[in-house]
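S.K.: Sequence first, predicted coordinates after that:
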Amino acid sequence: MSAVEWLTQGLEVGVALAAAPALLGWLNQCRAWLQNRRAPSLWLPYRNLRKLFDKEALIAENASPLFRLAPYIVFGAMVLAAGIIPSMGTRLPLVVSADAIALVGLFAAARMFMALAAMDVGTAFGTLGARREMMVGFLAEPALLMVILVASLTSSSTALPAITESLAAGGLGLSPSLAFSAVAFVLVLLAENARIPVDNPATHLELTMIHEAMLLEYSARHLALMEWAAQLKLFNYVCIGFALFLPWGVEVGPIGPMGLLVAVPALALKLAAAGAGIALIETVSAKMRVMRIPEFLSTAFLFAVLGLLVHVLLGA
Amino acid sequence: MITPLPKLLVGCVVLLLGWATVGVAGLLRPRSVRLAGRVLFPLGALIGLALAVLAVTSLLGGGIERMVLPIGLPGLPAHLRLDPLSSVFLALLGAAAAGISVFAGGYFRAGQGTAPGLLGLQYHLFLASMGGVLIAADAYSFLLAWEAMALTSYFLVVTEHRRAEIRRAGLIYLLMAHVGALAILLAFGLMHGAGPFTFHAMRSAHLSAGWAATAFLLALAGFGAKAGLVPLHVWLPEAHPAAPSPVSALMSGVMLKTAVYGMLRVGLDLLGPPVWWWGLAPLALGLFTILYGALFAAVQTDMKRLLAYSSVENIGVIFTGIGLTIVFAGSGMPAVAALALLATLYHCLNHSMMKSLLFLGTGAVLHATGERNLGRLGGLIHRMPWVAWLTLIGTLAIAGLPPLNGFVSEWLLLQSFLFGDQVPHTFVNLLIPMGMALVALGAALAGYVMVKFYGIIFLGRPREPSLEQAHDCGWLERIGLAWLALGCVALGLLPVQVIDALGRVSAQLLGAVVPQASAHSWLLAPVPGRPVSYGPAVLLTATAAVVLLTMWAVRLLYRQRVRRVSAWDCGFGALTPRMQDTAEGFGQPIRHLFQPFFEMQRELPAPEDSAPRYRISIRERIWTIAYEPLCTATDWLANTAARVQQGRISVYLLYSFVTLLVLLAVALLS
């Protein structure tokens, strides 16, 4: 493992940490424009994080150490996930220790800690949020896994760089099985990142919350870490989507300065397009009732299984 | 590779006899809790540890040892054998028993049930008989040990025999155990061919394809009943909650695995090279069992019933692995079959550690609070930190989260599923995606179940005022829990070493080992021909590094205080512990989504009720569909047959006379 590879690794994590709030800011801007509102600044999420980090942290009297530990673990899992997903180069030293299945496992670990922390204080909203999050999770997680397994079958490996390399070599067109799983993936992305139509990130009504309900008891730096982790999660999901379905511009060989010159703007462009796309979906759809979410997610799950079947039947 | 003196096997037998002796010693002073708790159970734990060490030595040696003991029926002495397959399960038995026995030393108190000394006898005979099952090498001694295991565990289940529901649970268990044993007996009867009842003769007996398949299916039914494969799982959710917690831990963690051992022994060893389509039965049943167990676990309100259904789910995973192994082995893909076998064995080891840990955790909670109902627990992480934090490890492990052990076997299983499209049978190719989907769904549901389990028992606020007096467990119990938690962590972080050892079994049964392509001892790369790897130690180190770095940075950059205040709860202010989600509430989405699986009885309050009560009881449909009609039919049959029994001697003489006449007629005519 050369120094350049470690440098790429550091760069990937650094870019993810730095750009994740901007992705959310951009998404909110696009949404505001689409809804004929004045757009908030692109830097608003950064200012928000800074504000939260500067505040005095309030913690409920009966919160256990688990409650204080959880934000760090959730954040750590998301940072690590950012290091595994090949967003700019595929030669990453960390990926040998975690393939795509382990990546799903990391997301699951983060989710579980978040749900446990939400139950820790013992408020009605916290447990409600935890229950709903797990309900979303137990359908979204297998759907994501199936999406990844379709890609793994196509490229005979569950290692993300290998998948990206083999798909990048396959040309521009998506094979039918991947097209099915791309649909499934978009649905999972919306659900897992608490976007409309599954959850409303801007809601003020506790009864309709999922993600926000789990964070109600957090404040200051703990909340900042949780929010940053959520932004990283969105960034990671979008990058998984790129790695599986749009591997253009990713440097597949050993990365050099020239490679970076292509990879960084390519990533920025793709992120901008993805943010705008999500904003569009959020604008044209309405939030669903909570018990409709399983239908939405089982659609995703079935699409992914269909993708697998198509792969087995057509071999493509 | 037969050593002249079977040292390890002799050691094994001595240790098993040691367990029996420890048990008998309990009878010296049967009422003494001190003798049983402070001396005998810890001694049993040491024997378990020695057995585990011995079994691992034998496994790493990879040899086969045989021995014939001149006891048993005339002309049929007891054949014993120690090979890699039995070594793995002996190691599992020893390691799990070590933790459970130490815990049991602190757990059993003088109570209304069986006296401690007698309990110790039953307990240690149970352990010894499980060991006997694993080293037996002829059908007779196997079944003898098998029945001893069933009977001792029955007595352990009905420890608190003064309560009617516990006697009922014991009866169901005993019935299912015997139905299973009958099927196993028939399977052995088919397999022995013309030779004696030794396993050696069975290996060389050549059965016709039809009889071999029948024997396989009978074994599947018999061992499946013991393991808890749906639809033969009904005893599990009854017996596990009824038994004292260390016994539940042993039954769920170890005894179910002896059934898996039996299945592997018959399916992959005694019956010779398996036919690929045999594997479809355990595969399909296993997959259904995963979904079924996970769904029912999610809607339980009794914490031990929840764990029992979770065991059903895990048995489903294991049988799915067995099915895949057979399908691959029968399709001429021995390397992939070895991978699936590894996943199976790994999951057995994992489950024995994590489920024992969780059952012991519930035992500690039960002792501290006297409650099994999730709806009356909560907030115990403050009162019982040891139990809570150690149980958390088991919870995360069984939810299949990296870098703990549950994830490793799940990973291996999914990797072997990914070879499903290379099996030369289109039908299997189409089945495999469904299988993967169900395994993934089961794993995600396990996460749901475990958040419910842990969150409701240990987190939140105490739902009953009496919980404020709950106390943490004693030091013997802590050692037991810590040992099992350590097992979960070690199995999670050292998969390369474990798989290296388990490779002996696949070499023995399938003649193939998985490649360890990577030169690193920390990187697991067992998939034949594919550049896939998993390094849990690196993963853990990296996560820990990020977490510590973040903590350090936060501490360095922001010096604001942390202040304790009352919970915000959106400014509501009138928060009571009863406003937290109950176990029923947490299971509601699952009940709603998978309604057809459940038979629900709801009791809803009317709008004008002054003291509204909401109650829901959930039953398995299988009782109304299958078991109750079966019971009615059996009753009817027995009553009909009873008419023949008049109780008058003249009638019986008439029967004899008629029989004689019929026989004479037959003799004359033929």
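M.R.: That came through fine.
S.K.: got the residues of the stretch 201-350 of chain B near chain A?
M.R.: Remark: no part of the stretch 201-350 of chain B is in contact with chain A, using Cβ under 8 Å from any Cβ of the partner chain. For every residue, glycine as well, the C-beta is placed using N, CA and C.
S.K.: which element is the closest residue to residue A:42 other than its chain neighbours on?
M.R.: Excluding its sequence neighbours, the residue lying closest to residue A:42 (Cβ to Cβ, 6 or more residues apart in numbering or on different chains) is residue A:25, at 4.3 Å. Using DSSP states H and E, residue A:25 sits within helix A:3-34.
S.K.: packing partners for that helix?
M.R.: Here helix A:3-34 touches helix A:44-54, helix A:65-84, helix A:220-245, helix A:257-284, going by 3 or more Cβ pairs under 8 Å, 6 or more residues apart in numbering or on different chains; DSSP states H and E.
S.K.: Tabulate the ones you listed (TSV), appending distance to residue B:459 and mean pLDDT.
M.R.: Output for those, formatted as TSV (distance: least, Cβ to Cβ, whole Å; pLDDT from 0 to 100):
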stretch	distance to residue B:459	mean pLDDT
helix A:44-54	24	90
helix A:65-84	7	92
helix A:220-245	16	91
helix A:257-284	33	86
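S.K.: Make CSV out of these and add mean neighbour count and distance to residue A:213.
M.R.: Compiled in CSV, the helices and strands packed on helix A:3-34 are given as follows (neighbours: other Cβ atoms under 10 Å in any protein chain shown; distance: least, Cβ to Cβ, whole Å):
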stretch, mean neighbour count, distance to residue A:213
helix A:44-54, 16, 18
helix A:65-84, 24, 15
helix A:220-245, 24, 12
helix A:257-284, 16, 19
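S.K.: if we can go back for a sec, so how far is the helix holding residue A:25 off the chain centroid?
M.R.: 12 Å (Cα atoms, centre = their mean, to the nearest Å).
S.K.: Taking helix A:220-245 as reference, get the angle to that helix.
M.R.: 100 degrees (axes from the mean of the first three to the mean of the last three Cα atoms, to 10 degrees).
S.K.: Need the mean per-residue confidence for helix A:3-34.
M.R.: Across helix A:3-34, the average pLDDT comes to 89.
S.K.: Mind listing what's buried along it?
M.R.: By neighbour count on 16 or more other Cβ atoms under 10 Å in any protein chain shown, the buried set for helix A:3-34 is A:5, A:8-9, A:11-13, A:15-17, A:19-31.
S.K.: list the contacts for residue B:137?
M.R.: B:66, B:79-81, B:198-200 (Cβ atoms under 8 Å, 6 or more residues apart in numbering or on different chains).
S.K.: Give me the residue ranges of the stretch 501-650 of chain B where confidence is low.
M.R.: For the stretch 501-650 of chain B, the stretches with pLDDT under 70 are B:517-519.
S.K.: can you give me the helices in it?
M.R.: Listed in chain order, the helices of the stretch 501-650 of chain B (DSSP state H, counting those that start in this stretch) span B:536-557, B:583-593, B:621-622, B:628-642, B:649-669.
S.K.: Pick the most buried one from those.
M.R.: helix B:583-593 (a mean of 20; mean count of other Cβ atoms under 10 Å in any protein chain shown).
S.K.: right, and residue B:242 touches residue B:166 too?
M.R.: Yes: assessed by Cβ atoms under 8 Å, residue B:242 is found in contact with residue B:166 at 4.5 Å.
S.K.: Common neighbours of those two, please.
M.R.: The contact sets of residue B:242 and residue B:166 overlap at B:157-158, B:160 (Cβ under 8 Å, 6+ apart).
S.K.: For those, which entry has the maximal number of neighbours?
M.R.: Among the shared contacts of residue B:242 and residue B:166, residue B:157 has the most neighbours (other Cβ atoms under 10 Å in any protein chain shown), with 29 neighbours.
S.K.: ok, now how distant is that one from chain A?
M.R.: Relative to chain A, residue B:157 is positioned 32 Å away (criterion: Cβ to the nearest Cβ, to the nearest Å).
S.K.: Which of the helices or strands spans that residue?
M.R.: helix B:139-157.
S.K.: Could you figure out how far the helix holding residue A:25 is turned away from helix B:536-557?
M.R.: 60 degrees.
S.K.: Where does the prediction get shaky in the stretch 51-200 of chain A?
M.R.: In the stretch 51-200 of chain A (pLDDT under 70), the answer is A:171-173.
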